[in-house]
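Asker: Got a predicted model here, sequence first, then my questions.
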Amino acid sequence: MEVLRQPIVAMKGIAKEFPGVRALSEVDFEILPGEVHALVGENGAGKSTLIKILMGVYTKTEGSIYIEGAKRDIKSPLHARALGLGAVYQDVNLAQHLSVAENFFMGQLPGSRIGTVDYRRMYEETKETLNSIAVYIDPKEIIRTLSVAQQEMVAIGKIMHQKAKVVIFDEPTALLTNDETEQLFGIIRKLKSEGVGILYVSHRMEEIFTICDRVTVFKDGALIDTVNVSDTTEDALISMMVGRKVEDMYRIEHGNPQETILKVDNISRGKAFRSISFEVKKGEIFGMFGLVGSGRTEIVRSVFGADVKEEGSVRFLGKKADFTKPSQGIKAGIALLPENRREQGLALKLSIADNTNIVALDKICRFGIINNKRSIEIAEQYCKKLKTKTPSVLQFVKNLSGGNQQKVVISKWLAQDSELLIFDEPTVGVDVGAKMEIYKLFEALLKEGKTIIIVSSYLPEVMGLSDRMLIMYEGKQMGILSREEFQEERIARLASGIPGRES
């Protein structure tokens, strides 16, 4: 008979109201010691609100919170940390100009006998903590010199140094490679074995079934159900979240593409990619699949003009298109929606209207003066078309969810009336419902005669959407398959460098 474990965290009857909005309604939620508890739901379902209440960022409107059986009123993030709660967010919150050790001991620098900072102790304790989770980074390293994955591991180590009893992971793998994700999962399993409670938030269903024990589904601020991962399916979870079946996700209407719009002939760029040739037809979705580092992104950046190829040629709409800067690609009618939309695709401190019109200023300017009324009209037109959720197009983009930020990037290129739209990882950090909306937008673009290239490391997505697919491995072209030839095992073998008759 299994002994019942007392929850480390128990949240009972939690509600949160903002002016005119009830974000959470009577939610009961708990985290057990030594479990990985997933929290899933569409953007706006209430997940972030619940986490912020638990971490002391928001004050609950109703309900009670218990930490190890004791009722607590969490007043601030510092109070949450003192109670043993820690969080690792997608945008890692570390002091970039300080060392790893200084981040570990921020606000609590140890003193020596003579009144100076005891750096020796700081370095030793930091190294010991990182090594305990199999992370081997010099404590003296400055944070800004580390990779995204290394920074995330440091953030985890910092929380463990604070003796956290519960760790929240919010979209932790969004910017990690497959190997880095496996390293993260190894750390989570170690924390679990030590009795730490894990709250895991992710839009990636395969991760839920790989690492989690239980899963709670939120929808419209309400808790729908909590189930054992072993007792449910991906289809069942998606149905609870959005009321639709998983097989409907990629069901869009394709055209009958004939005419070649883009011809890439034997292009190469250093070690990134070599001898790449393919054609894209007007009105099709052309997929590019490969693992991180396979060269997919570098190829489309070269086509767009963001990177300069060293060999080969490109023709677009029948004309020579060997671009050496993005402005040439934009002028020709090519759009590139980058994987890292926050840093490369958006001006986060500007409004939706400003971002929407930023590459099509000639349409809203006269004699160098911006017509603000016209700018707002265009932005509102595309917000309506893409169903972007915002109270106003004057809202700052930084305040939008990931899915709505992606829609603003798309709006920017639709306002420019681009002929070829290249989507690099279009649904990273985007919830299931927003994914479906983006896929339906692809369908609408095809009907308007647009052409799409989709670059993705998520095989079900690129298989489900593409008419044809180019498979890459370490800069090498492994084959081009038509939709009738798509087989998951076959594509996975090619993407792993195992040649077939296609190469």
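Answerer: Sure, I can see it. Residues are numbered from 1 along each chain as shown.
Asker: tell me the helices in the stretch 301-450 of the chain, going along the chain?
Answerer: In order along the chain, the stretch 301-450 of the chain carries the following helices (DSSP state H, counting those that start in this stretch): 326-332, 352-356, 372-386, 402-415, 432-447.
Asker: what about the chain, any weak spots by pLDDT?
Answerer: 1-4, 20, 43-44, 91, 243-248, 340-342, 429-431, 500-503 (pLDDT under 70).
Asker: about what we covered before: for the helices of the stretch 301-450 of the chain, give me CSV that also has mean neighbour count and distance to Leu262.
Answerer: From N, CA and C alone the C-beta is placed, and that goes for glycine too. Shown next, in CSV, are these (neighbours: other C-beta atoms under 10 Å; distance: least, C-beta to C-beta, whole Å):
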stretch, mean neighbour count, distance to Leu262
helix 326-332, 16, 10
helix 352-356, 26, 26
helix 372-386, 17, 25
helix 402-415, 25, 16
helix 432-447, 19, 15
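Asker: hey, where'd the strands end up in the stretch 101-250 of the chain?
Answerer: 166-170, 197-201, 214-219, 222-228 (DSSP state E, counting those that start in this stretch).
Asker: could these go into a markdown table alongside mean neighbour count?
Answerer: Listed next are the strands of the stretch 101-250 of the chain as a markdown table, based on neighbours: other C-beta atoms under 10 Å:
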| stretch | mean neighbour count |
| --- | --- |
| strand 166-170 | 25 |
| strand 197-201 | 23 |
| strand 214-219 | 22 |
| strand 222-228 | 15 |
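Asker: show me what contacts the nearest residue to Ile133 once chain neighbours are set aside?
Answerer: Residue nearest to Ile133 in three dimensions, not counting chain neighbours: Ile187, with 4.8 Å by C-beta to C-beta, 6 or more residues apart in numbering. For Ile187, the contact set (C-beta atoms under 8 Å, 6 or more residues apart in numbering) comprises 133-135, 153, 156.
Asker: List buried residues within those residues.
Answerer: 133, 135, 153, 156 (16 or more other C-beta atoms under 10 Å).
Asker: between those, which is closest to Asp322?
Answerer: Set against Asp322, the nearest of the buried ones among the contacts of Ile187 by C-beta to C-beta is Met153 (41.1 Å).
Asker: what's the distance between the closest one and Arg81?
Answerer: Counting by C-beta to C-beta, to the nearest Å, the gap from Met153 to Arg81 is 19 Å.
Asker: Could you measure from Val428 over to Ile8?
Answerer: In terms of C-beta to C-beta, Val428 sits 31 Å off from Ile8.
Asker: let me fix that: Leu39
Answerer: Taken as C-beta to C-beta, the span from Leu39 to Ile8 is 15 Å.
Asker: The two: who's more crowded?
Answerer: Neighbour comparison, Leu39 and Ile8: the larger count goes to Leu39, with 28 against 22 (by other C-beta atoms under 10 Å).
Asker: Spit out the contact partners of the more buried one.
Answerer: 29, 47, 50-51, 199-201, 215-216, 218.
Asker: Recalculate using a threshold of 10 Å.
Answerer: 29, 31, 45-48, 50-51, 168-170, 199-202, 208, 212, 214-218, 223, 226 (C-beta atoms under 10 Å, 6 or more residues apart in numbering).
Asker: what's the answer for Ser275, then?
Answerer: With contact set as C-beta under 10 Å, 6+ apart, Ser275 has these partners: 265-268, 311-312, 475-477.
Asker: Show me which of those residues are buried.
Answerer: 267-268, 312, 475-477.
Asker: could I get those residues as CSV with distance to Lys60 and secondary structure?
Answerer: Below are those laid out as CSV (distance: C-beta to C-beta, whole Å; DSSP: H, G, I helix; E, B strand; the rest coil):
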residue, distance to Lys60, secondary structure
Ile267, 56, strand
Ser268, 58, strand
Gly312, 59, strand
Gly475, 52, coil
Lys476, 54, strand
Gln477, 55, strand
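Asker: Can you tell me which of those residues lies closest to Ile370?
Answerer: Using C-beta to C-beta, those come closest to Ile370 at Ile267, 38.0 Å.
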